[in-house]
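Student: sequence below, structure please.
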Amino acid sequence: MMATAPVYQSRPLKRFRRTKTAIEDLKNDLYDVVQEIHPATVRQIFYQAVGRGLVEKTEAAYKNTIVRLLTDMRIEGSLPFNWIADSTRWMRKPRTFSSAEAAIKRTAEAYRRSVWDNQGVYVEVWLEKDALAGVLLDVTEPWDVPLMVTRGYPSLSYLYEASETITYQEKPTHLYYFGDYDPSGIDISRNVEVRLREFAPDAEIHFERVAVNPEQVQRLNLPTRPTKKSDSRSKGFEGESVEVDAIPPGVLRTMAEGCIQQHVDQHQLEVMQVAEKSERQWLQMIASTMVGTEAQP
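Tutor: Residues are numbered from 1 along each chain as shown. I've put the predicted structure just below:
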């Protein structure tokens, strides 16, 4: 009779669980991170946490630790909601007003002159990921610079409409692109530049990929991830990949602002601001006049 081998019942691996004290300490550390870099996306906060040794660089740590704790902190009121940027979800609604007076009053408050009408060039900032739009909007909006979000590969219609805007400017156009450093991310920026030049052949276009670039990976010590071999564009791509989210939000904003400010003619800017202030006061006067008229019997 053959002896049967003993059967050993395998025990499930014990899952690492932080103590309540460790979780509270991690929450405090995350608060310090977000306070320093906000507004920032959850993915950017994750990369900063990895860089500071707070969590491991795994998707499980991102989803089960960072996402979960940041959710808890916002719900319990210990982390302001507006410190987390999310431009991927938005509402479509026409702008309406309670009255003509309210419309004029709102116009007076929000009135701005175009910064680039009397500048010698036209500037746009292009961004691969819509999740980061809220991070760069803090820079592009004050300077009246369009923030063009591609969401991966942009459609032909999107690129054609963008090229029409560039052609309409009738001045040198400077485009600054921010995207991932991976096979597809590199190809997206190439595709954007090629199509815009194709659709606006007579325009003077200066296209620059600002980030992420290979030298920044080393200089900024950016967290990397394995390059997907399944990507058909990975042939010829060397090294590991880096998401644009890995760049600290403050550094991204500084990069974008530097790109914009180098093209600003300060004298023309001051002339525009004087005219803008005068016209805003004129609109406020009209709004005040309408209030007085409506108050009369």
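
Student: wait, Leu283 sits on Thr107?
Tutor: Yes. The pair Leu283 / Thr107 is scored as a contact, 5.9 Å apart, by C-beta atoms under 8 Å. C-beta coordinates here come from the backbone N, C-alpha and C atoms, glycine included.

Student: now the nearest residue to Asp144 once chain neighbours are set aside: how far from Glu124?
Tutor: For Asp144, the nearest residue in space outside its immediate sequence neighbours is Val115; the separation is 3.8 Å by C-beta to C-beta, 6 or more residues apart in numbering. Relative to Glu124, Val115 is positioned 13 Å away (criterion: C-beta to C-beta, to the nearest Å).

Student: same thing with Arg113?
Tutor: The gap separating Arg113 from Glu124 is 18 Å, by C-beta to C-beta.

Student: between the two, which is the more surrounded one?
Tutor: It is Glu124, of Arg113 and Glu124, that has more neighbours when counted by other C-beta atoms under 10 Å, with 21 against 16.

Student: from the contact counts, what lies against the host helix or strand of that one?
Tutor: Per DSSP states H and E, Glu124 falls inside strand 122-127. Contacts defined by 3 or more C-beta pairs under 8 Å, 6 or more residues apart in numbering; DSSP states H and E place strand 122-127 against helix 133-140, strand 147-149, helix 156-169, strand 173-178, helix 249-261.

Student: beta partners of the nearest residue to Gln169 once chain neighbours are set aside?
Tutor: In space, and not counting its chain neighbours, Gln169 is closest to Tyr122: 4.2 Å by C-beta to C-beta, 6+ apart. When bridges are called by DSSP bridges, Tyr122 pairs up with Thr173.

Student: same question for the one 5 residues further on.
Tutor: In this structure, Leu127 has beta-bridge partners Val149, Phe178, where bridges are defined by DSSP bridges.

Student: read off the pLDDT value for it.
Tutor: Turning to Leu127, the model gives it a pLDDT of 98.

Student: wait, it touches Val149, no?
Tutor: Yes. The pair Leu127 / Val149 is scored as a contact, 5.1 Å apart, by C-beta under 8 Å.

Student: between the two, which is the more surrounded one?
Tutor: Under the criterion of other C-beta under 10 Å, the comparison of Leu127 against Val149 puts Leu127 first, with 25 against 19.
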